[in-house]
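Novice: Provided below for reference: sequence and predicted model.
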Amino acid sequence: MISAILTFFGITLLYTGFLASADHMKTALAATCCGLVLLARPALEAINFLRAHLGGRMPPRQRGARAKKAPPKVYLKIVKSEDERPTIH
């Protein structure tokens, strides 16, 4: 409900700034900045809502348990042979 009210007033102030830009530039800039500030919170809430419902990153508490990584395969291994010299197998 608050987001709808802030959006309405933000758009109203943006339009007021647009209308006032012909005669009073300072007033137009002030009204436009206030309108953008009022529109920031609903825009951030909408972005968070879309991320949560359209496949964004899951919050850490909802992630499943991760499987352990298998140790990397070792193809060559240095071992000591019968004559106590290291060799590659």
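Specialist: Looks like it came in fine.
Novice: Only C-alpha atoms from now on, for both contacts and neighbour counts.
Specialist: Will do.
Novice: Which pLDDT does the model give the residue lying closest to residue 12 once chain neighbours are set aside?
Specialist: Spatial nearest neighbour of residue 12, excluding adjacent residues (CA to CA, 6 or more residues apart in numbering): residue 35 at 7.3 Å. With respect to pLDDT, residue 35 has a value of 91.
Novice: Contact partners for residue 35?
Specialist: Contact analysis of residue 35 by CA atoms under 8 Å, 6 or more residues apart in numbering lists 9-14.
Novice: helix/strand/coil for it?
Specialist: helix (DSSP: H, G, I helix; E, B strand; the rest coil).
Novice: pretty sure residue 79 is in a helix, no?
Specialist: No. Using three-state DSSP, the assignment for residue 79 is strand, not a helix.
Novice: what number of residues lie near it?
Specialist: Neighbour count for residue 79, taken as other CA atoms under 10 Å: 12.
Novice: and if you look at the one 4 residues further on?
Specialist: Residue 83: 6 surrounding residues under other CA under 10 Å.
Novice: host element of the residue nearest to residue 33 when sequence neighbours are not counted?
Specialist: For residue 33, ignoring the flanking residues on the chain, the nearest one in space by CA to CA, 6+ apart is residue 14 at 7.9 Å. Residue 14 belongs to helix 2-20 when elements are defined using DSSP states H and E.
Novice: where are the low-confidence patches of the protein?
Specialist: Of all residues in the chain, those with pLDDT under 70 make up the ranges 55-66, 77-78, 81, 84-89.
Novice: could you redo the last one with a cut-off of 80?
Specialist: By pLDDT under 80, the low-scoring segments of the chain are 1, 55-68, 73-89.
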